[in-house]
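Novice: Have a look at this prediction, sequence included:
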Amino acid sequence: MSLTTRNWVTQAGYPQTGPALPTLPPAAQAGVSNAIGELQANQLFGLPGPTNVTGTYGWRIDRQNAPAGFVNLSVQRNGVGAPSTVASVFLPTTFNIAPGPGGPAAQPFASRISELLRAVRRGLEESFATYVAGPPAQITRKEITGNFSS
């Protein structure tokens, strides 16, 4: 089974689900999708803090606090106080690929890195599609699961 997404369930009644499309203006929707597209694989893992997407189209992607064994990647509006998260995905740290001989471009690492990045971007887009403006704002957080194809 290749990498896929599923809803992250935290407690009874969650995750909340929203409409098919976010209740943000079209320009903001495009900005979020464009920011998600800017995310790079070498910034997926690490301590909480900004990724390489820090000021793209008015949005940023941060690594937020997460349960042990996960990284929480969240899309947030720049210059807006909390809560500004419109999408979130939990990524298991077991998917952190440490390249061996040949570096990160060597197979199977290159295909795994591409697959992981596609799954994370897809999870963020799926989470964003559930965004409901508040109060309180709600999203369905996604989780990356499965195994690498190669």
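Specialist: Structure received. Numbering: from 1, shown residues only.
Novice: Tell me how many other residues crowd the closest residue to residue 47 other than its chain neighbours.
Specialist: In space, and not counting its chain neighbours, residue 47 is closest to residue 63: 7.0 Å by Cβ to Cβ, 6 or more residues apart in numbering. C-beta: built from backbone N, CA, C; applies to glycine. Close neighbours of residue 63, defined as other Cβ atoms under 10 Å, add up to 19.
Novice: got the phi/psi numbers for residue 63?
Specialist: Residue 63 adopts backbone torsions of phi -90, psi 110, taken as degrees, to the nearest 10.
Novice: so residue 138 sits right up against residue 131, yeah?
Specialist: Yes. With contact defined as Cβ atoms under 8 Å, residue 138 counts as touching residue 131 (7.5 Å).
Novice: Looking at the two, which one has more neighbours?
Specialist: Using other Cβ under 10 Å as the criterion, residue 138 and residue 131 rank with residue 131 on top: 22 against 16.
Novice: State the pLDDT value of the more buried one.
Specialist: Each residue has a pLDDT score; the one for residue 131 is 84.
Novice: and the gap between it and residue 51?
Specialist: When distances are taken as Cβ to Cβ, to the nearest Å, residue 131 and residue 51 turn out to be 19 Å apart.
Novice: so which strand or helix has the closest residue to residue 128 other than its chain neighbours?
Specialist: For residue 128, the nearest residue in space outside its immediate sequence neighbours is residue 87; the separation is 3.8 Å by Cβ to Cβ, 6+ apart. Element membership of residue 87, judged by DSSP states H and E, is strand 85-92.
Novice: tell me the mean pLDDT for that strand?
Specialist: Here the mean pLDDT over strand 85-92 is 92, rounded to a whole number.
Novice: Give me the buried positions along it.
Specialist: Neighbour-count burial for strand 85-92, with 16 or more other Cβ atoms under 10 Å as criterion, is recorded at 85, 86, 87, 88, 89, 90, 91.
Novice: ok, now stretch 52-62?
Specialist: Neighbour counts using 16+ other Cβ under 10 Å place 53, 56, 57, 59, 60, 61, 62 of stretch 52-62 among the buried residues.
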